[in-house]
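fold the following and give me the result.
(3 chains)
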Amino acid sequence: MRGETVSEAATLGRVAGERSARQGDLAPTRRRAWPRLSAYLLLAPSFVFLIAFTYWPVLRVLASSLTVHRFGTATTIGLSNYARLFADPHFGGAVFNNLVYAAGTIVPSLTLALALAVALRDSTRFTALLRTVIALPLLIPLVAAASLFIFIFLPGGGLLDHYLARLGSGWDQTNWLGDPSLALGSIIAITVWKNTGYYMLFFLAGLAGIPNELIDAAKIDGAGPVQRFVRVTLPLLGPTLAFVLIIALLNVLTQVDHVIVMTQGGPSDSTSLVLYYIYQQAHQNNDLGLASAATVISVAFLFALSTISLRGLERGIHYET
Amino acid sequence: MLRFARNDRGAWLVLLFPSAAALLWAIPFAWMALASLRQGSAGSADIASLLPAPPFSLENFSDAWTSGHFPLWYGNTILLCGGILAVQCVTVSLAGYAFARLRFPGKEFLFYAFLLQLMLVPPILIVPNMSTLVSLGLYDTLLGVMAPYFASAFGVFLMRQTFRNIPREYEEAALVDGATRLQIIFRVLLPLARPGLAAFAIVSVTSHWNEFLWPLMATSSPSNQVLTVGLASFTSGAEAGSEWGVVAAGTFLVAAPLLVLFVLFQRQFVESFTYSGIK
Amino acid sequence: MRLFTAAAVAAMVLPGVMPGLARAATELDLFFPVPVQGKLAVEMQRLIEKFDQEHPDIHVTAVYTGSYDDTNVKTRAAIQAGKPPGAVIMSANFVREYVINDEVVSFDDMAAKDGQTPAAFMAEFWPALRLNAMENGHVYGVPFQNSTPLLYYSVDAFKEAELDPDHPPVTWQDWVDDLRKLAKHDGAQTSRWGLMFPGTYDYLGWITSGFAMSNGGEYYNPGYGGEVYYNTPTTIGAVRFIDDLVHKWKVMPEGVTDANAVTTAFFQGRTAMMVLSTGSLSFVRDNMKTPYRAAFLPRALVNAAPIGGASLILPKGNSPERQAAAWTLIKWLVSPEIAGGWSRFTGYFSPRIAAYDLPEMKAYLGEHADAKVALDQLAYARGWFSTYNTVAVRKALEDGVQAVLSGKTTPEAAMAEAQKQADALMKPYVEQTALKPLE
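From the prediction side, this is the model:
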């Protein structure tokens, strides 16, 4: 499992852990006096920050989204920011782009990650090497990936076009980041490159958790490799899949570093994503109302996502290698 | 699962696909390594070549080092990650213990409150968090950049899990000896929870080392820049111009520490990330 | 680099070690952008260190804040956070917006203390710069570095195409004829383009405004921040010209190219000509290994070029001591010697007329014909696009031109849409000013 020196606790724990892993049932007489106050005290430090930087901001942004400033007039309360938001073609464009981006990143990266995990399931020196290479991108910041890809995508002289020219393909002048129909695809490619290895690690862990007995039993029943995968493996990977899907969705909404550094939402707004739109409105156009309204929409989406996926999150949290 | 005998032709075929993928995936890093070692990069026709060609030189690294502010950026980033981790260790241990061992009203509700924090990450809340920083007078300080991360839901869950796996005998023995709860947490449990803490540390440091949008927004003076923000201004800014070798070298300088640590401590990294790998 | 870290560490330690010294010096931070390629940030740090040495009672920290747009964002954020910088080198065309939002202090009073009226003060600077520096007769921006777009061209490419390098194109028609000879196509592939220019935000709008003005147009209302002229024949004609360069005569690549890609291509000989800021003059000089020249932007109906560049502004909210210190810094930065030196180092032309009377400058211009071209083009320079909510209004146009560059839409449709968006963006301002009903 973990391979490093297993601590005493872990060895003992496997036996004793099951026994005592029930909610707070230590020696009853001494406990009763303490739990309430001390529990809250113990939680307090975390909660102070949780409230200050997660929950209070949500309330605050809700309030500022309902505050309407207009040049030269008095401030009022109202829904006009939302009206402007929904009427703004840039917001609609950002939402549309985000949806395309979501499909374009999640489907390939999850499929690839699963396929790679399956193919690299056995642990040999060679597979470990391959796994490492594919997982490396998860360690570098997205802006570092962006700075490498700025060159890779450079029209005419960049890496991609250079080799396309060698192949004589006629694509050698392609402006990967400067053509509105290609730019989003290029951004998607960077994201897939960066995240696939990360998702692969989860699938590897998930696959490792499937007991061999089940696979062997299926083999004995005469199931072929594909059937074994579909009938046995995939269902058992369900929790992992759900978990990775949630992470991927979260990334779709929260990773915009590459857009900020490479395309600034362009060309012609084709790479603008919702979080980028928020950043733009807040800091370039100084339109706090629009930025807040868009933030509220995003937060609402995340709320919805978390309510649906709470089960998946919990199971993922409890996942042990 | 798809299993083939060692000597089966099929084994080779199965590995063909990931080998090709790995080759493809390695290209950006390969270019980064080669271009940073190549001489005379601005406008040279072979800057895109993936074939190593001597002579190699370190002048791109020295150019990057002098036109960037790497010592400052490294310093700030280490301070940032270290500061966050230090406070997190305290908050998550305390909260993790409470969830692991204690019963109290509202436990379920508070647990879900933490769970929600996994989704409401700081980049989404940049607009209101900026106002909070300003009100607290923390705008343009490293402390301001650290603050939203001091509470870590992921850390709390991890520690809860870890503590639950530690047999109660240890605690009970300590209680008999008259230890206070805090002493139990820090003197007895944490040392036993080292693997879990290590896993958490790896995930925390990695994710904050690579954080960009929030540090970008929360700081403005160059003296407060971290590696990611510095790299962005270094690359897309005018200083690099079209000196791609220098850009590659600069990128390498930013990415190197974590890459090196990963290659050295691969197993630990991989396990940490899969051990519920949300930052 | 080491000098900088040493200076930075010293700056942090010294006040503690020598409290007497620190107490006397007024602390000032100067935000400055570097929007063009080249080692400008390092040179600026050096200049500031020199200033600090010459003025022991003031201590300036030079803060590099990225591009013009980034500097704008950072300055705004700092002002709103209650920590306004002492002075900012701000893109000249953003000054108007800061005036509209009442975020800057006018220089009139300080000039008056030195015995100068606003008009007299501005008389020290080239006439074309006054439009962006003044608002309603008051001075809000002191010009620091200025540029116009220049046409750079490769001598070798010209000779290869049997064109005379001493006679660059003067009109758009000449230009097109030359470009068609310069571009080299091998079937579907192009080994050398005729022309490239940056199509990214800010650069594109700047260059397009030049074309529009050359086509007889006004592009925006220089006297009022609520009006732009996108959907007009002059602008549409200019955008059509750009469209044809890409799609009709195929002398320019499709899509949006950024400045780094443009210069890389020029240095590698993959484009014969490029339109780039004079601010990059030194960068081009250092990196272009084959002979090249600079020329005016060719004209359609009239010679015209937009001013680019940055001015020094004084944010509101600083103490009188800081403001006085900032004024000293500003006057020093635009003194003929310093301004001249900066111009020679970068390629920006010096906004200060007197700088050109100094012997170093005369020698420099004698040696560098390309720098002289930039100066001569000043005679045709016009103001830089500046409105309420400049960045968003500018982007409305740029999104349209980018779509045209990529073949997604026609110039007419793009400009109609751009005008619509721009008007919507400026509406709040217009309703409170030009269209405000009287009681």
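
any residues of chain C in contact with chain B? List them.
Residues of chain C that fall close to chain B, judged by C-beta under 8 Å from any C-beta of the partner chain: C:1, C:4-5, C:8, C:29, C:34-42, C:61, C:63-67, C:70, C:74, C:77-78, C:80-83, C:260-261, C:263-264, C:266-268, C:283, C:287-289. Any C-beta I mention is one placed from the backbone N, CA and C, and that applies to glycine too.

just the buried ones from those residues?
With neighbours counted by 16 or more other C-beta atoms under 10 Å in any protein chain shown, the residues of chain C next to chain B contain buried members at C:1, C:4, C:8, C:29, C:34-42, C:61, C:63-67, C:70, C:74, C:77-78, C:80-81, C:83, C:260-261, C:263-264, C:266-268, C:283, C:287-288.

picking that back up, also within reach of chain A: list those from the residues of chain C next to chain B.
Counting by C-beta under 8 Å from any C-beta, the subset of these that neighbours chain A consists of C:77, C:260-261, C:264, C:268.

tell me the two of those that are most distant?
Maximum pairwise distance in those, criterion C-beta to C-beta, is 38.7 Å, between C:77 and C:268.

including distance to residue C:126, pLDDT and secondary structure, could the ones next to chain A among the residues of chain C next to chain B go into JSON lines?
As requested, these are exported to JSON lines (distance: C-beta to C-beta, whole Å; pLDDT from 0 to 100; DSSP: H, G, I helix; E, B strand; the rest coil):
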{"residue": "C:77", "distance to residue C:126": "32", "pLDDT": "81", "secondary structure": "helix"}
{"residue": "C:260", "distance to residue C:126": "30", "pLDDT": "85", "secondary structure": "helix"}
{"residue": "C:261", "distance to residue C:126": "32", "pLDDT": "87", "secondary structure": "helix"}
{"residue": "C:264", "distance to residue C:126": "32", "pLDDT": "88", "secondary structure": "helix"}
{"residue": "C:268", "distance to residue C:126": "35", "pLDDT": "88", "secondary structure": "coil"}
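
ok, and what's touching the top helix by length along chain C?
Within chain C, and with DSSP state H defining each element, the longest helix by residue count is helix C:411-432. Outside helix C:411-432, the residues that touch it by C-beta atoms under 8 Å, 6 or more residues apart in numbering or on different chains are A:70-73, A:89, C:100, C:225-228, C:230-232, C:235-236, C:239-240, C:242-243, C:387-389, C:392-393, C:396-397, C:399-401, C:403-404, C:409.

buried subset of those residues?
So, of the contacts of helix C:411-432, A:71, C:100, C:225-228, C:230-232, C:235-236, C:239-240, C:242-243, C:387-389, C:392-393, C:396-397, C:399-401, C:403-404, C:409 end up buried under the neighbour-count rule (16+ other C-beta under 10 Å).

next step: the buried ones among the residues of chain C next to chain B restricted to helices.
Counted as lying in helices by DSSP H, out of these, are C:4, C:8, C:40-42, C:70, C:74, C:77-78, C:80, C:260-261, C:263-264, C:266-267, C:283, C:287.

quick revisit: using CSV, list the CA coordinates for the longest helix of chain C.
Only the C-alpha atoms of helix C:411-432 are listed here, as CSV (Å, rounded to 0.1, in the frame of the first residue of the first chain):
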residue,chain,number,x,y,z
PRO,C,411,-15.7,45.4,-41.8
GLU,C,412,-19.1,46.9,-42.1
ALA,C,413,-20.7,44.4,-39.7
ALA,C,414,-17.8,44.6,-37.3
MET,C,415,-17.8,48.3,-37.0
ALA,C,416,-21.6,48.6,-36.7
GLU,C,417,-21.4,46.1,-33.8
ALA,C,418,-18.4,47.9,-32.2
GLN,C,419,-20.2,51.2,-32.3
LYS,C,420,-23.2,49.7,-30.7
GLN,C,421,-21.2,48.2,-27.9
ALA,C,422,-19.1,51.3,-27.4
ASP,C,423,-22.2,53.5,-27.2
ALA,C,424,-23.7,51.2,-24.6
LEU,C,425,-20.5,51.4,-22.5
MET,C,426,-20.4,55.2,-22.6
LYS,C,427,-24.1,55.7,-22.0
PRO,C,428,-23.8,56.3,-18.2
TYR,C,429,-21.3,59.0,-18.8
VAL,C,430,-23.2,60.5,-21.7
GLU,C,431,-26.5,60.6,-19.9
GLN,C,432,-24.9,62.7,-17.1
